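K.L.:
attaching a predicted model along with its sequence, questions to come.
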Amino acid sequence: MNKFYLKEFQFFDGEHTVVFNIVAVEKNKITVAVTRSGKISVCDYELHTDKNGLYFEYGIAGREHIHIDDFEETK
């Protein structure tokens with residue numbers, strides 16, 4: 001089983017709290033369930049690396065970097 005499966009991260013985008021739940025992590029891609037304004041979408045994002053580890057880009061022009069290590073176990 002994937003060690004990241006269903007870990008959760010909450011992010012405020014300036015208007016809404018967006019909840020990301022990891023579905024799968026592959027070599028260069030992450031699949032997350034994104035909940036925003038009561039709507040759930042399953043999206044794939046390309047993974048990148050910086051000094052803080054693996055991340056994907058979210059928001060307008062990928063301006064926000066969402067790091068995988070910031071996700072936590074869901075309760």
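P.N.:
Now that the structure is in, tell me what you want to look at.

K.L.:
stretch 63-72: how far from the chain's middle?
P.N.:
Counting by Cα atoms, centre = their mean, to the nearest Å, stretch 63-72 is centred 6 Å from the centre of its parent chain.

K.L.:
ends of that stretch, what's the gap?
P.N.:
Stretch 63-72 has its terminal residues 22 Å apart, counting by Cα to Cα, to the nearest Å.

K.L.:
mean confidence score for that stretch?
P.N.:
Computed over stretch 63-72, the mean pLDDT rounds to 91.

K.L.:
give me the buried positions along it.
P.N.:
Buried residues in stretch 63-72, counted by 16 or more other Cβ atoms under 10 Å: Ile66, Ile68, Phe71. C-beta coordinates here come from the backbone N, C-alpha and C atoms, glycine included.

K.L.:
distance of the last one from Glu64?
P.N.:
To tie it back to what came earlier, the one meant is Phe71. Counting by Cβ to Cβ, to the nearest Å, the separation of Phe71 from Glu64 is 14 Å.

K.L.:
the buried residues of stretch 63-72 in strands, which ones?
P.N.:
Counting by DSSP state E, the buried residues of stretch 63-72 place Ile66 in strands.

K.L.:
show me where this structure has strands.
P.N.:
Counting by DSSP E, the strands of the chain are 8-12, 17-25, 29-36, 39-50, 53-58, 64-67.

K.L.:
could you export the last one as PDB, CA atoms only?
P.N.:
So that's strand 64-67. Output of strand 64-67 as PDB, limited to C-alpha atoms (Å, rounded to 0.1, in the frame of the first residue of the first chain):
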ATOM      1  CA  GLU A  64       1.600  27.700  -5.000                       C
ATOM      2  CA  HIS A  65       3.900  24.800  -4.200                       C
ATOM      3  CA  ILE A  66       2.100  22.100  -2.200                       C
ATOM      4  CA  HIS A  67       4.800  19.800  -0.600                       C
END
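
K.L.:
who touches that strand?
P.N.:
For strand 64-67, contacts defined as Cβ atoms under 8 Å, 6 or more residues apart in numbering pick out 9, 11, 13, 20, 48, 50, 52-58.

K.L.:
any idea what the most centrally placed residue in the chain is bridged to?
P.N.:
Nearest residue to the geometric centre of the chain (Cα atoms, centre = their mean): Phe20, 4.8 Å. For Phe20, the beta-bridge partners under DSSP bridges are Phe9, Val34.
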